[in-house]
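*Asks:* generate a structure from the sequence data that follows.
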Amino acid sequence: IFEKNNLSWRKSLYFDEIHFTAVGDVVSRAQSMISGQIDLSFKLSLDLLFDLDLRGFETVAKQTYSVGAWAMKQMDSSSPLSYQKVRMAMNLAIDRDTIAKTILSGVSSPVSQMATPQVFGYNPDLKPYLYDPDKARQLLAEAGFENGIKLKAIVRSDPSVPESTLINQVVAQNLSNVGIEVVLKAVPGTRWITMYFSGDWDGADLLETSFNNTIHGDVIRSIETASCMKTGAFFCDNEMLELIEDSNREFDNKIRKQKLQNLISKLHYNPPALYLFPYFDTLAYNPRLKALPMTGQKVNLELITVN
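*Replies:* Alright, predicted model coming up:
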C-alpha cells in the first residue's frame, strides 16, 4: 500500500492510498479488471488488451526503446555461430513481417539494429533484414553447413512481453525451414539473470535477451553489451572494441552520433544476435480514472485523477 505523503513536493492530487496487488498470470489480471477488483493493470497480452478495449476500458500499447533479440555465442569457437555467415543466415531466415502482423498486430515493427529511432545513435540508413530463406541456405552452405546445424536456445518461461513465448516458437520454426534446428529450453527469470551476467548459458548457443536503451536513451549501452567489454561476454570483436573506446572519448555530440551509427552499421552486417522486435509495454485502466499521465514509460501515479 502506498500512502499519501503531504510533505512530498509531488504529493497525490486525489488519492490517500494506492493498493498494489501482485497477479502473476495475464488472464487473471484481465479478469480482475473486468470484475472491478483492480483499476489499473500492466503487462497484458495484446489479445486481452483488445478484449478490454471492447469492454470499454482505456488501453495503451506503447513501444519501448529496448530491442528483443537472441544473443549468439560467437566467442565459442566450436559453435557454428562463430561464423559470420551463419549469424547473417539466421537473421535472413526470419519472417518478421508476418510475425509483426499476426502476433504483434502491428504494435511492434521489425528492427534492423539494436536501437529504435528514438535512441541516440540510431542509424536510419539501415533497413530491416529481408526475409530470404534461399539466401540463408546459401550462406549456410558457404560456411560449410549445407547439411544444416543444431543449436540450443535458452528462453524465458516468464518473458517481459507475453507474446515472446509464441514468437520464439515461430522463430524456431523459421530457422528449421532453412536447416537450423533449434531446441528451446525455458528457464525462469531468476535463472536467466544469472546466465546473462555470468556468460554461462548451460551449454546453449543462444540466449533470449534484450538490448536495453530505455534508461539512458543512448545506444552505447547496447553496443557495449555486444562487445568484449561485457562481463561474461558472448560476442567479441577487437576492432570494434577500439571504435567503442574512441566513441566514449568523443564529447562533440554530432561527431559522437556518427561514430555510434558507424558501430551500429558494423553490428548489422556482423550481427551479434538475432534481432527481432522492440519491446512494448501494455496497460489498461478503468474509465473512471480521468487520465493516466505518463513520462516516457512511467505512469505518474501522483497525477492520476478520477472522473
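*Asks:* which stretches of this protein have low pLDDT?
*Replies:* The chain contains residues with pLDDT under 70 at 296-297.
*Asks:* for it, which helix is longest?
*Replies:* The longest helix of the chain (DSSP state H) is helix 253-269.
*Asks:* report the distance from the helix or strand just after that helix to the chain centre.
*Replies:* Remark: after helix 253-269, the chain's next helix or strand is strand 273-285, criterion DSSP states H and E. Here strand 273-285 is found 6 Å from its chain centre; the criterion is Cα atoms, centre = their mean, to the nearest Å.
*Asks:* work out the sheet partners of strand 273-285 and label each with its direction, please.
*Replies:* Applying DSSP bridges, strand 273-285 is found paired with strand 40-42 (antiparallel), strand 58-72 (antiparallel).
*Asks:* and the next helix or strand along the chain from the longest one, what does it pack onto?
*Replies:* If I follow you right, that is strand 58-72. Counting by DSSP H and E, the next helix or strand C-terminal to strand 58-72 is helix 84-92. Where contact means 3 or more Cβ pairs under 8 Å, 6 or more residues apart in numbering; DSSP states H and E, helix 84-92 is packed against helix 133-142, strand 273-285. The C-beta positions use only the backbone N, C-alpha and C, and glycine is treated the same way.
*Asks:* could you redo the last one with a cut-off of 10 Å?
*Replies:* If contacts are counted by 3 or more Cβ pairs under 10 Å, 6 or more residues apart in numbering; DSSP states H and E, helix 84-92 sits against strand 58-72, helix 133-142, strand 149-156, helix 164-176, strand 180-187, helix 253-269, strand 273-285.
*Asks:* alpha carbons of the last one, in CSV - could you do that?
*Replies:* Included here for strand 273-285 are C-alpha records, laid out as CSV according to Å, rounded to 0.1, in the frame of the first residue of the first chain:
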residue,chain,number,x,y,z
ALA,A,273,22.4,-11.5,-32.2
LEU,A,274,19.2,-12.5,-34.0
TYR,A,275,17.4,-9.1,-34.0
LEU,A,276,13.7,-9.4,-33.5
PHE,A,277,11.3,-6.6,-32.4
PRO,A,278,11.3,-3.7,-30.0
TYR,A,279,9.7,-4.5,-26.6
PHE,A,280,6.5,-2.8,-25.8
ASP,A,281,4.5,-2.0,-22.7
THR,A,282,0.8,-2.6,-22.3
LEU,A,283,-1.6,-1.3,-19.7
ALA,A,284,-5.4,-0.9,-19.2
TYR,A,285,-7.3,1.2,-16.8
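*Asks:* could you check the angle helix 253-269 makes with it?
*Replies:* Inter-element angle recorded for strand 273-285 and helix 253-269: 110 degrees (by axes from the mean of the first three to the mean of the last three Cα atoms, to 10 degrees).
*Asks:* what's the answer for the first one, then?
*Replies:* For strand 58-72 against helix 253-269, the angle by the same axes, to 10 degrees is 70 degrees.
*Asks:* just the fourth one next, same as before
*Replies:* Using the same axes, to 10 degrees, the inter-axis angle of helix 164-176 relative to helix 253-269 is 60 degrees.
*Asks:* pick the most deeply packed of the helices and strands packed on helix 84-92.
*Replies:* Counting by mean count of other Cβ atoms under 10 Å, strand 273-285 has the highest mean neighbour count of these, with a mean of 23.
*Asks:* distance from the very next helix or strand once past that one to the middle of the chain?
*Replies:* Counting by DSSP H and E, the element after strand 273-285 in chain order, helix or strand, is strand 289-291. In terms of Cα atoms, centre = their mean, the centre of strand 289-291 is found 29 Å from the chain centre.
*Asks:* do stretch 13-21 as well
*Replies:* Counting by Cα atoms, centre = their mean, stretch 13-21 is centred 31 Å from the centre of its parent chain.
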